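Chemist: need a structure here:
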Amino acid sequence: MHWYSRRDFVKGASFTLAAQRAHWFQGATPGAPIDLKECVLVTSQNPTPREVKALTILSEECYKRSGLTWKVQSAGKSTAPVTIYAGLASSLGKVGPRIQSLGSNSETYAIQAGSDGGHHWITVAGSDERGVLFGVGQLLRLTDFGRQTASIDPSRFPMHSSPKYPLRGHQLGYRPKTNAYDAWTVEMWDQYIRDLAIFGTNAIEIIPPRSDDEPDSPLFPLPPAQMMTEMSRIADSYGLDVSVWYPAMDKDYGDSQTVNAALAEWEAIFKMLPRVDVVFVPGGDPGHTEPKYLLSLLQKQKAGLRKYHPK
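Modeler: Numbering: from 1, shown residues only. Below you'll find the predicted structure:
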């Protein structure tokens, strides 16, 4: 079972999969598959929590699709038939087989495969934490899973990929409008955001409790503010940017009392969110405030935002 999307096959996809396309479209002969049934995952030295998260994703998604358990091992010698090394390129070479230089581009990854004394190895190296995450996602998508089986074609490697676009995001609207998202649990959001990351998404956009939608839904498993917090936390656990689509809904931001109430309301939201990288305020749809009042409001809102999210 492959994990492909249409984006893998069209020009202009988020990631440049040059090596992969070369094999698929130039008639390369597949190699003998590497049997991944007895596989161990090894971290880099002193891995960050998100490096460990990437390996955890490998292990968990393998189990979901095959029933096989790939154990995660701290940096050290592996005697397993197959070892997958994954982590930052800057420290991974001290643990597993060295990998080509990735350069200075962010979110870049490289995957190589080989054998040593009858033991196969696969190395996934990232230029940064996101590079590791996206490299792991690519490895998952190239793996064939079955009942108690997993294998991969080594002729697909070496592979090197860098993003074509710096921002690759989705707005995820927990609101009574989409006929789907408003019924989702925290666990469903976690899996969905993980799946987006596996395909190269690096940002999500969430919506505050007050917008142009109804304030509640009979399908909500959690109140909007609480789910908003959970979605910010989940995105941060994967290292993804968090944007807030925040419409200015009040009628008159030329009124000082209205401005003060809005400042308090927005600051309370900023305070509760674990991560915020961007706040986007539409000038319309919804919104009807003249620029001179809207920009003045946002200048004041910035102080509340930077208080809890300095960057």
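Chemist: For the host helix or strand of residue 151, which outside residues touch it?
Modeler: In this assignment (DSSP states H and E), residue 151 forms part of strand 149-152. For strand 149-152, contacts defined as C-beta atoms under 8 Å, 6 or more residues apart in numbering pick out 33-37, 39, 62, 65-66, 68, 113, 122, 139, 142-144. Heads up, the C-betas are built off the backbone N, CA and C, glycines and all.
Chemist: chain center to it: distance?
Modeler: In this view, strand 149-152 has its centroid 24 Å away from the chain centroid, taken as C-alpha atoms, centre = their mean, to the nearest Å.
Chemist: Show me the strands in the stretch 51-200 of the chain, by range?
Modeler: Listed in chain order, the strands of the stretch 51-200 of the chain (DSSP state E, counting those that start in this stretch) span 71-73, 82-88, 109-116, 119-126, 144-146, 149-152, 159-161, 169-171.
Chemist: CA atoms only: put stretch 287-298 into PDB for me.
Modeler: The C-alpha trace of stretch 287-298 is given here as PDB (Å, rounded to 0.1, in the frame of the first residue of the first chain):
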ATOM      1  CA  GLY A 287     -14.800  42.800   7.900                       C
ATOM      2  CA  HIS A 288     -15.800  46.300   7.000                       C
ATOM      3  CA  THR A 289     -13.400  48.600   8.900                       C
ATOM      4  CA  GLU A 290     -11.700  51.500   7.200                       C
ATOM      5  CA  PRO A 291      -7.900  51.000   6.900                       C
ATOM      6  CA  LYS A 292      -7.100  54.000   9.200                       C
ATOM      7  CA  TYR A 293      -9.100  52.300  12.000                       C
ATOM      8  CA  LEU A 294      -8.100  48.700  11.200                       C
ATOM      9  CA  LEU A 295      -4.400  49.500  11.000                       C
ATOM     10  CA  SER A 296      -4.500  51.400  14.200                       C
ATOM     11  CA  LEU A 297      -6.200  48.500  15.900                       C
ATOM     12  CA  LEU A 298      -3.600  46.000  14.600                       C
END
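Chemist: Spatially nearest residue to the residue nearest the centre of the chain (excluding sequence neighbours)?
Modeler: Note on the chain: the residue nearest the mean C-alpha position is residue 197, at 3.0 Å, using C-alpha atoms, centre = their mean. Once flanking residues are discounted, residue 197 sits nearest to residue 238: 5.0 Å by C-beta to C-beta, 6 or more residues apart in numbering.
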